[in-house]
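K.L.:
I need the structure of the sequence given here:
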Amino acid sequence: MLFIAVIFAMTGYSCRKKGGKYIDQGEIHYNIDYIGGVGAMPKDILPKNMIVSFKNDKILFEMLSPFGNSGITNLSNAEKGIFDTYISLFTMKYFYAAQPGELYPGFEEMEGIIIKKTSKTSVICGFNCKNAEVTLPANREKIFNVWYTNEINVKNPNASTPFYQIDGILMSFFFLLGPAEIHFDAETVYKKDIPDMAFERKEKFVKVSRKDIQKFINTINSL
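P.N.:
You can find the predicted model right below:
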């Protein structure tokens, strides 16, 4: 039994893959775990999952609450120069259009991270993954492990995120968003057709400044 447990720990995570390796469009579904303070909002109504859609080097991160369709969406479409952050909070809908190379709003707590790639490997959802150790300026002693794969064909998948130095799709990682430490672990990878419209700038959102979108992010985190 001990031998089996060691083998399981070495081989990594258990999840599903619906499609082959080196796919260039599809979805990745992640489980979300919150660590530390998340404001007064009960964890039961926070987003439980994140869906990442990708196609031909375009990528869309959607983290939405099941209640009130509230949440945060990041869109990267380098071909059209779109690097948008969308905030939905019940009837309020706002977005900020970042410039190429600019970090998405909300990640100020992660400025100055150090990423050290290691030789460790794992298999997540059937994909061979590499490891990176991440430390934050506030505490260089605490090490976060991030796992990523080069077996999904998306170029610069982490552009405008704190992990822009990592050249693969993130399969297990974390974000600091305001007071919250949020961890994401891939559960399922689907090969499927994604419509081009999914990567166009969204309508019915009011364009605001970076300072204003940051205020809305803080509002969501402090609810």
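K.L.:
Every contact and neighbour count from this point should use C-alpha atoms.
P.N.:
OK.
K.L.:
Just the strands from this protein, written as ranges.
P.N.:
16-18, 25-35, 49-55, 58-64, 71-77, 82-89, 92-97, 114-124, 127-136, 139-149, 169-177, 180-191, 206-207 (DSSP state E).
K.L.:
Would you mind giving the ones you listed as TSV with mean pLDDT and distance to I217 added?
P.N.:
Listed next are these as TSV, based on pLDDT from 0 to 100; distance: least, C-alpha to C-alpha, whole Å:
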stretch	mean pLDDT	distance to I217
strand 16-18	61	32
strand 25-35	94	16
strand 49-55	96	17
strand 58-64	94	13
strand 71-77	94	8
strand 82-89	93	7
strand 92-97	95	10
strand 114-124	97	24
strand 127-136	97	21
strand 139-149	96	24
strand 169-177	93	8
strand 180-191	93	11
strand 206-207	96	14
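K.L.:
a markdown table please, covering those and showing distance to T219 and mean neighbour count.
P.N.:
Listed next are the strands of the chain as a markdown table, based on distance: least, C-alpha to C-alpha, whole Å; neighbours: other C-alpha atoms under 10 Å:
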| stretch | distance to T219 | mean neighbour count |
| --- | --- | --- |
| strand 16-18 | 35 | 15 |
| strand 25-35 | 17 | 19 |
| strand 49-55 | 20 | 22 |
| strand 58-64 | 15 | 21 |
| strand 71-77 | 11 | 22 |
| strand 82-89 | 9 | 22 |
| strand 92-97 | 12 | 19 |
| strand 114-124 | 28 | 16 |
| strand 127-136 | 24 | 19 |
| strand 139-149 | 26 | 16 |
| strand 169-177 | 12 | 20 |
| strand 180-191 | 13 | 19 |
| strand 206-207 | 17 | 14 |
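K.L.:
what's the spacing between E111 and E102?
P.N.:
From E111 over to E102 the distance is 12 Å, taken as C-alpha to C-alpha, to the nearest Å.
K.L.:
Any idea what K130 is bridged to?
P.N.:
T121, Y148 (DSSP bridges).
K.L.:
got it, and the one 4 residues further on?
P.N.:
Taking DSSP bridges, one finds I115, F144 as the beta-bridge partners of V134.
K.L.:
No further questions, thank you.
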